[in-house]
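S.K.: turn this into a structure:
(one chain, ligands or ions: 1)
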Amino acid sequence: MSRQLIAAGNWKMNTNYEEGIALASAIAENAKDPKCLVVLAPPFTSLAGVSQAIKGNPNVKLAAQNCHEKEKGAYTGEISIDMLIPLGVEYVILGHSERREYNKESNALLATKTDLVLSKGLTPIFCCGESLDIRNAGNHIDFVANQLKESLFHLDAEAFGKIVIAYEPIWAIGTGVTASPQQAQEMQAAIRGLFADQYGAEVADATTILYGGSVKPANAEELFANPDVDGGLVGGASLNAEGFTAIINAF
Ligand code: PEP
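M.R.: All right, here's what the predicted structure looks like:
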């Protein structure tokens with residue numbers, strides 16, 4: 001089964017408007033291999049500029065790093081999904097561990113956000129992953145399974161089939177410590193098995209599951225070579241056009 005391979009760049013709270021355009025332009029110029037879809041998630045303030053910069057390259061898509069769970073209203077400082085759509089946003093990262101930790105986003109809230117994003121026809125990039133304590137206690141697979149069940153398993157198979165998953169062990173995010181290819185494969189095979197139990201083998205086989213956590217040019221190839229690793233969600237290394245291009249070309 002051939003799945004969509006994706007290299008997604010999460011720029012987090014980095015790049016101003018001009019820097020974002022320059023970075024996106026440099027990446028879009030090089031991202032020519034249709035085998036790998038490139039998804040860029042700049043800060044909200046750069047979305048309009050990046051949208052223009054990637055126009056004309058069908059391999060490069062735009063993502064938001066988050067959206068609010070309500071469609072509109074008195075939520076000062078928040079961004080709604082309807083504000084993102086006219087900018088050309090097609091993907092929304094949901095459940096990143098930084099938002100789970102700093103913004104106290106729960107599995108239940110993420111279920112609501114997932115429903116909203118899907119209802120608007122956009123694709124959630126749904127993040128899951130365990131802390132080091134949970135892994136050391138040997139509970140990592142159960143913990144991640146619970147995150148996925150509580151936020152996603154109310155969906156029917158058709159809706160579920162539109163989601164991209166990103167497994168991101170918290171201990172590997174921004175730390176320079178990468179999960180070994182075996183650790184990534186073990187978890188991502190377990191996630192796919194969970195999806196097969198819930199939705200059947202066909203849906204599970206078609207689901208793109210990314211790995212995230214200190215992916216860099218030096219380790220991308222051996223991570224992406226695993227049968228259940230369909231690409232990466234990349235933070236720090238996506239801020240450098242040359243390095244991110246090397247990751248895109250690692251498939
Ligand atoms: C991320 O924030 O999604 C991430 C994986 O970051 P980094 O690549 O910097 O570890």
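
S.K.: secondary structure class for the nearest residue to Val234 once chain neighbours are set aside?
M.R.: Counting by Cβ to Cβ, 6 or more residues apart in numbering, Val234 lies nearest to Val215, which is 4.8 Å off, once chain neighbours are set aside. No exception for glycine: its C-beta is placed from N, CA and C like everyone else's. Secondary structure state of Val215, per DSSP: H, G, I helix; E, B strand; the rest coil, is coil.

S.K.: before we move on, what about Tyr211?
M.R.: Three-state call for Tyr211 (three-state DSSP): strand.

S.K.: what distance do you get for it to Ala184?
M.R.: Distance of Tyr211 to Ala184, given as Cβ to Cβ, to the nearest Å: 5 Å.

S.K.: likewise Thr207?
M.R.: Note on Thr207: its distance to Ala184, by Cβ to Cβ, is 15 Å.

S.K.: which helices and strands does the helix or strand encompassing Glu242 pack with?
M.R.: Take DSSP states H and E as the rule and Glu242 turns out to sit in helix 241-248. Other helices and strands packing on helix 241-248, by 3 or more Cβ pairs under 8 Å, 6 or more residues apart in numbering; DSSP states H and E, are strand 5-10, helix 17-30, helix 217-224, strand 231-234.

S.K.: ok and the second one relative to helix 241-248, angle-wise?
M.R.: The reference is to helix 17-30. For helix 17-30 and helix 241-248, the angle between their directions (axes from the mean of the first three to the mean of the last three Cα atoms, to 10 degrees) works out to 40 degrees.
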